[in-house]
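**Student:** Need coordinates for the below:
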Amino acid sequence: MKSRVPEILGIEYPILQGGMIWVSDAALAAAVSEAGGLGVIGAGGMSREVVEEEIARARELTSRPFGVNVPIISPFAQDIFEAASTLGVPVLTTSAGNPLTFTARAKEAGMKVVHVVSNVRMAEKAQESGVDVIVAEGYEAGGHNGFDEITTMVLVPQVVDAVDVPVVAAGGIGDARGMVAAFALGAEGVQLGTLFLASRQSSAHLNYKELIVKANDRGTVITGRAFGPVRVLKNRLAEMILQAEREGRPPQEIQEMIGSGRSVKACLEGDLEEGSFMCGQIAGMVTEMRDVKEIIAGLMAGYEEIASGLSG
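**Tutor:** Residues are numbered from 1 along each chain as shown. Presented below is the predicted three-dimensional model:
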């Protein structure tokens, strides 16, 4: 396995955990880092004080590198960045915005920067801004997606061809077969969300994890195509949004109908009907809740077995 990612980020395996709001707290991030990957605190909805508490808690749980995710469009973005940079977090992962916003200051603070993109132009801009690693996330991924609807298999090789920095594949990777495929496309690592979301160490509500385990290959849908595509598990809320879209209601009216706090209802309250359960298409491949260590060990062992079989 040839990859520059472990050396750049100071980790053992080229496996990154997605920064999932309300789900990837210090416990999950530390578990992923302890197992050899890069754990990431999903700080999008946290105040500076809470981010600082989570960073301190992660350091109590692991001595290995971990990251903090900053969704650039978040109203808390500046506070999150200042907390992470001031406290010396080794890796900053950014998404949903222009990487120029924080990259230069992060590098000055000694941080490595990982930026998530959904098309080639974004990847080129990220490289120009000086990021260390680019995550190319396809439309199979859970949560917020790009408007271009480019799938992982199409996106990754084009991003690899367009930039010189290492590319990590995300979206639609649910086991070692997906990891091997990502490397065959030119990626030097993988980023996983849904697998870790359904792990025992995830802080997601048990109802959330059970929904993933019970889902099949048709278990997710895209809502909000007109104003911000989001891949979620099917439930009453998702169907309500889809019906409004089919009726041609204006985007603003749909957004007002959805309201706020839907991800909190899902992640923290486990509200099966009113929550927005963000989830990737690999949900149908998740048949049980596992420990993070088991997930990462299985990916690495499976990768070597499959790669050896292909080369032989």
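**Student:** what's the distance between residue 201 and residue 276?
**Tutor:** As judged by CB to CB, to the nearest Å, residue 201 and residue 276 stand 22 Å apart. C-beta coordinates here come from the backbone N, C-alpha and C atoms, glycine included.
**Student:** swap in residue 109?
**Tutor:** Taking CB to CB, one finds residue 109 at 34 Å from residue 276.
**Student:** Mind checking which of the two has more residues around it?
**Tutor:** Ranked by neighbour count (other CB atoms under 10 Å), residue 109 and residue 276 place residue 276 first, with 24 against 18.
**Student:** list the contacts for the closest residue to the more buried one other than its chain neighbours?
**Tutor:** Leaving aside its sequence neighbours, residue 276 sits nearest to residue 262 (CB to CB, 6 or more residues apart in numbering; 3.8 Å). Shown in contact with residue 262 (CB atoms under 8 Å, 6 or more residues apart in numbering): 237, 274, 275, 276.
**Student:** what two of the residues you listed are the furthest from one another?
**Tutor:** 274 and 276 (8.6 Å; CB to CB).
**Student:** residues shared between the contacts of these two?
**Tutor:** 237, 262, 265.
**Student:** For residue 240, give its distance to residue 246.
**Tutor:** Distance from residue 240 to residue 246, by CB to CB: 11 Å.
**Student:** Do a quick rundown of the strands in the chain.
**Tutor:** Secondary structure of the chain (DSSP state E): strands located at 15-17, 39-42, 66-71, 91-95, 112-117, 133-137, 143-144, 167-170, 190-192, 220-223, 230-233.
**Student:** Need the ones you listed in JSON lines (columns: mean neighbour count and mean pLDDT).
**Tutor:** Shown next, in JSON lines, are the strands of the chain (neighbours: other CB atoms under 10 Å; pLDDT from 0 to 100):
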{"stretch": "strand 15-17", "mean neighbour count": "30", "mean pLDDT": "98"}
{"stretch": "strand 39-42", "mean neighbour count": "29", "mean pLDDT": "96"}
{"stretch": "strand 66-71", "mean neighbour count": "28", "mean pLDDT": "94"}
{"stretch": "strand 91-95", "mean neighbour count": "27", "mean pLDDT": "94"}
{"stretch": "strand 112-117", "mean neighbour count": "26", "mean pLDDT": "97"}
{"stretch": "strand 133-137", "mean neighbour count": "28", "mean pLDDT": "98"}
{"stretch": "strand 143-144", "mean neighbour count": "21", "mean pLDDT": "90"}
{"stretch": "strand 167-170", "mean neighbour count": "28", "mean pLDDT": "98"}
{"stretch": "strand 190-192", "mean neighbour count": "28", "mean pLDDT": "98"}
{"stretch": "strand 220-223", "mean neighbour count": "20", "mean pLDDT": "95"}
{"stretch": "strand 230-233", "mean neighbour count": "24", "mean pLDDT": "95"}
